[in-house]
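Engineer: here's a sequence, model it:
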Amino acid sequence: MPRATLNQNLNLNQNQKPEHTVQATVRSSVSFKGIGLHSGRPVRMVVHPAAANFGIWFSRVDVTDRDGMIPARYDAVPESQLCTKLRNEAGVEVSTVEHLMAALLGCGVHNALIEIDGPEVPILDGSAAPFVRGILSRGVQGQGAALAAIEILRPVSVEAGDARATLRPAARLRMRFDIDFADSVIGRQSRETDLCNGHFVRDLCDSRTFCRRSDVDMMQANGLALGGVPGENAVVVDGDAVVSPGGLRHADEPVRHKMLDALGDLALAGAPIIGEYEGSRAGHMLTNRLLRTLFATPGAWRMVDCTAEQAASLPGVDLHPEDLAAVA
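Structural biologist: Numbering: from 1, shown residues only. Sure, this is the predicted structure:
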């Protein structure tokens, strides 16, 4: 959608308080600058308000020879392992979108235009906290359109080796995750939480991406993770030690980050989900396969206009100033 048309279609009232049963966008534009984790290239990104029913779209402003608009949808994800990548029909891509997508959903933003001048979202500190901080500093604005959600009606699962991901019915968005790493500093970790009432902002958003020292060496030898700096934008572990200066932010930071990633990947469903996600050793592509399987399974889901009770249980509702302080 052209920017001029987007601005003309905005339906914002700065004095209007968000209604739980309506869609929302950011009150004003917020900018981020940093480097791409894998490319190591500098990038500037701006999250703009967007009209009701616009959804989340990326605009590659550095691309001028073809369509640079990329939808943030599960069916625009090509095969990719180390991050979540989006690609439009013209072949234009943007990668490492998962932390930003988690922040948007976790703050209750349903519509936004994201202008970016490179192929990769900035990694910042390796978590979603800088994005959350920027979004909440601008505020979230309710819009005059009903909020739809995807209600899970029966369980759907996918597996790959010893990894598994499942969506099943629940009254609100819940998440359970298990990981198991040979490195003793991580080992087996499990966590479950309701993703409502600010839990994402308070409990998950500051947990950083992590990797093993041997994996970092291998990736950099293959031209990846060129922007990774241990302690600044990633947690690096080696056996029984955290290599990164400063150690962990939480004793179970790795499993928290896997939940953060999963929420960002679920945000590509195109609407909030009412149901429970369970992941065991699951990664980006498995969660994407789960969404593709869900939408291809008759009777497994339905789209509903949220009641006030349903909407009040979604991520991003009932955030308070102290929730921002937690990530400031």
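Engineer: how many neighbours does residue 267 have?
Structural biologist: The tally of other residues near residue 267 (other Cβ atoms under 10 Å) stands at 28. From N, CA and C alone the C-beta is placed, and that goes for glycine too.
Engineer: tell me who's in contact with it.
Structural biologist: The contact partners of residue 267, taken as Cβ atoms under 8 Å, 6 or more residues apart in numbering, are 56, 72, 101, 102, 104, 105.
Engineer: how many residues are close by the first one?
Structural biologist: The one in question is residue 56. Neighbour count of residue 56, defined by other Cβ under 10 Å: 25.
Engineer: mind checking which of the contacts of residue 267 land in strands?
Structural biologist: Counted as lying in strands by DSSP state E, out of the contacts of residue 267, are residue 56.
Engineer: just the ones in helices from the contacts of residue 267, please.
Structural biologist: 101, 102, 104, 105 (DSSP state H).
Engineer: widest-spaced pair of those residues?
Structural biologist: 102 and 104 (7.4 Å; Cβ to Cβ).
Engineer: what's the local residue count around residue 314?
Structural biologist: Count around residue 314 with other Cβ under 10 Å applied: 25.
Engineer: so who does it touch?
Structural biologist: Contacts of residue 314 by Cβ under 8 Å, 6+ apart are 108, 147, 149, 172, 173, 196, 272, 274, 306.
Engineer: helix, strand or coil: sort out the fourth one for me.
Structural biologist: This points to residue 172. Recorded secondary structure, residue 172: coil (DSSP: H, G, I helix; E, B strand; the rest coil).
Engineer: how many neighbours does the residue lying closest to residue 318 once chain neighbours are set aside have?
Structural biologist: Nearest residue to residue 318, sequence neighbours excluded (Cβ to Cβ, 6 or more residues apart in numbering): residue 197, at 4.6 Å. Residue 197: 19 surrounding residues under other Cβ under 10 Å.
Engineer: tell me how this protein divides into domains.
Structural biologist: 3-9+20-148, 149-325 (automatic domain parsing).
Engineer: which of those sits most buried?
Structural biologist: Stretch with highest mean neighbour count among these: domain 3-9+20-148 (a mean of 20; mean count of other Cβ atoms under 10 Å).
Engineer: export the domains of the chain to TSV and append columns for mean pLDDT.
Structural biologist: Formatted as TSV, those follow (pLDDT from 0 to 100):
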stretch	mean pLDDT
domain 3-9+20-148	91
domain 149-325	88
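Engineer: continuing past the helix ranked longest in the chain, what's the next helix or strand?
Structural biologist: Longest helix of the chain, by residue count under DSSP H: helix 253-266. Counting by DSSP states H and E, the element after helix 253-266 in chain order, helix or strand, is strand 273-274.
Engineer: isn't residue 97 up against residue 77?
Structural biologist: No. Between residue 97 and residue 77 there is no contact under Cβ atoms under 8 Å: 9.2 Å.
Engineer: so what sits against both of those two?
Structural biologist: 84, 85, 86.
Engineer: ok, and the closest non-adjacent residue to the second one?
Structural biologist: Here the nearest residue to residue 85 in space, its sequence neighbours aside, is residue 95; by Cβ to Cβ, 6+ apart that works out to 4.0 Å.
Engineer: in three-state terms, label residue 99 for me.
Structural biologist: Applying three-state DSSP: residue 99 is helix.
Engineer: so it is in contact with residue 260, correct?
Structural biologist: Yes. Residue 99 lies in contact with residue 260 (Cβ under 8 Å); the separation is 6.9 Å.
Engineer: shared neighbours of these two, anything?
Structural biologist: In contact with both residue 99 and residue 260: 127, 128, using Cβ under 8 Å, 6+ apart.
Engineer: contacts for stretch 57-65, please.
Structural biologist: So stretch 57-65 is contacted by 1, 50, 68-72, 86, 92, 94, 97, 112-119 (Cβ under 8 Å, 6+ apart).
Engineer: so for that stretch, first residue to last residue, what's the gap.
Structural biologist: 19 Å (Cα to Cα, to the nearest Å).
Engineer: again with stretch 267-281
Structural biologist: 19 Å.
Engineer: off-centre distance for it?
Structural biologist: Relative to its chain's centre, stretch 267-281 lies at 11 Å (Cα atoms, centre = their mean, to the nearest Å).
Engineer: for residue 311, which residues are in contact?
Structural biologist: So residue 311 contacts 20, 21, 147, 149, 317 (Cβ under 8 Å, 6+ apart).
Engineer: let's see that with 10 Å instead.
Structural biologist: 19, 20, 21, 22, 108, 146, 147, 149, 272, 274, 305, 317 (Cβ atoms under 10 Å, 6 or more residues apart in numbering).
Engineer: specify which member of those is nearest to residue 45.
Structural biologist: Using Cβ to Cβ, the contacts of residue 311 come closest to residue 45 at residue 108, 19.8 Å.
Engineer: fine, thanks again, bye for now.
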